[in-house]
Every structure is written in C-alpha cells, then in structure tokens.
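Undergrad: Here is the input, now give the coordinates:
(2 chains)
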Amino acid sequence: MNGWLLAATVGLAGGLGAALWGVATGPLRRRVVAQNLSTALACPSLLLLSQAYNRPSYVDLGLVLALLGPVGTLVFARLLADELAEDPPRAWGLTWTVAGLGAAAVTALCVATGPSRAMVKLLVIGALLISGNAIASRALSGGFRGVRGG
Amino acid sequence: MADAVIVVALLLVAASATVAVATRDPMRQALVLSVLGVVLAVLFTVLQAPDVGLSQLAVCSALTPLLLMLAVRKVRRRGREREGER
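TA: The predicted structure is shown next:
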C-alpha cells in the first residue's frame, strides 16, 4: 500500500469534490472562490501523485498548475469585477486553510526527497502556489480596485 | 490501490462535465469549465499521460475561460447598444 497514493486519492476526492460542489451551486461569489480553491487543491495532489508513481518529471504538472491557476482566477476577477463589486467574496479562512494543506504536502515531499535540486524545485512550487493563491484571493475580494480599467 | 485513484478521477470528470452541461448562465459555465480542465488534467496524469495533462492545463485553466468570458462580454455589450438604438 502506497501512502502517497492514498494521500493523493483522499485529497482529490475530498478537495476537488468539495470544490466541484461549491462551483456548481450557490451565488456567483461562492463559485468564484471555489474555482480558485480547486486549482490550489489540485496542485498538491499532483505533487503527491508524482511521488507516488516515483516519477520526478510529473512535478512539472504541479509547477504549471501553480503558475497558471492563479492566472485563470485573475481572468475571472478582472472580467467579473462588475458583478462582484457589490458583494465581494471574502474567504480568507478557507484560503489560508488550503494554503496550509499545500504547505504541509510540500513539506512532507521535501522531507521524502532530501536536500537536492528536486527539493529546491518543490520549494519553488510551494512558494508559487501559496503566493499565487493569496494574490488571486485578494484580487477576488477587490483588493486591487485601484488597478481596474474599463 | 492504483485503481481507486483512476475511479475517483473518472467520477470527478463525469460529475463536473454533467454540471458544465446543466449550468445555463455562460459566465458560471466558464467557471465550471475551468474546474473541468483541472480535473481532466488529473485524470490524464493518473492514466500516465502527463504530456497530455500539461497541454490540457495550459489551455483549459486560463485560455478557454478568457476566450469565453470575452465573447460573452462582447455579445452582451452589443445587445445593450442595439437596445439603446431602439
């Protein structure tokens, strides 16, 4: 029994299932937050899968998702700005919980990898994931109102 | 154990695709589509095709929602202008 695979399965089923439920129901503000959290939850699961299959090259998927996930959320934050302006979504508790889960997964993977170039890459992905998630959440809650254009 | 991940990923893809079809408002549909893209990338990874997953992630997480939202915005703006002319 592979513990990494089990952790990835639980993360996928619980995290992405909950994100899917959030994006399928409820008001627009809840859906946007759920979309943001879905990328933040899928990235650690992909990293865990790469460790489970013992293929370090699979880590690239996590890297691409950590880079492009927040970009997608920023697209929504920019184009839905008028709809979200009256009732901006604030989900800082959820955001930091998910960021903590990602940090825990990255830390566990770093311990398993040991000090090497692969560990530096994992740390970079973790930093990208958490900072991108925080920036996307801030943009959704209207933190960058001043930068808004026409 | 390896099968369990595949089953979970397949179920997630089926559920999110159904939701994407059942949602009527195009803007909300774009949100569901971007989640569907992430789930599909996970499915491709689980089926040992990470290269396909990479391109899926690149296209579906940012590009498809951007195109959809821009198109919806343009159509709505044009509709409003037509109403203004009448």
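Undergrad: so which strand or helix has the closest residue to A:Ile135 other than its chain neighbours?
TA: In space, and not counting its chain neighbours, A:Ile135 is closest to A:Pro70: 6.1 Å by CB to CB, 6 or more residues apart in numbering or on different chains. All C-beta spots, glycine's among them, are computed from the backbone N, C-alpha and C. Assigned by DSSP states H and E, A:Pro70 belongs to helix A:59-79.
Undergrad: And the helix or strand just after that helix, how far out from the chain middle?
TA: Sequence order places helix A:81-85 as the next helix or strand after helix A:59-79, per DSSP H and E. On the basis of CA atoms, centre = their mean, to the nearest Å, helix A:81-85 sits 22 Å off its chain's mean C-alpha point.
Undergrad: which strands and helices sit next to helix A:81-85?
TA: When contacts are defined as 3 or more CB pairs under 8 Å, 6 or more residues apart in numbering or on different chains; DSSP states H and E, helix A:81-85 sits against helix A:28-52.
Undergrad: Show residues contacting stretch B:30-40.
TA: A:16, A:19-20, A:23-24, A:31-32, A:34-35, A:38-39, A:42, A:65, A:69, A:72, A:76, B:9, B:12-13, B:16-17, B:19-20, B:23, B:53, B:56-57, B:59-61, B:64-65, B:68-69, B:72 (CB atoms under 8 Å, 6 or more residues apart in numbering or on different chains).
Undergrad: Which members of those are classed as buried?
TA: A:16, A:19-20, A:23-24, A:31-32, A:34-35, A:38-39, A:42, A:65, A:69, A:72, A:76, B:9, B:12-13, B:16, B:19-20, B:23, B:53, B:56-57, B:60-61, B:64-65, B:68-69, B:72 (16 or more other CB atoms under 10 Å in any protein chain shown).
Undergrad: before we move on, the earlier item: what's around the residue nearest to A:Ile135, how many residues?
TA: Counted with other CB atoms under 10 Å in any protein chain shown, residues neighbouring A:Pro70 total 26.
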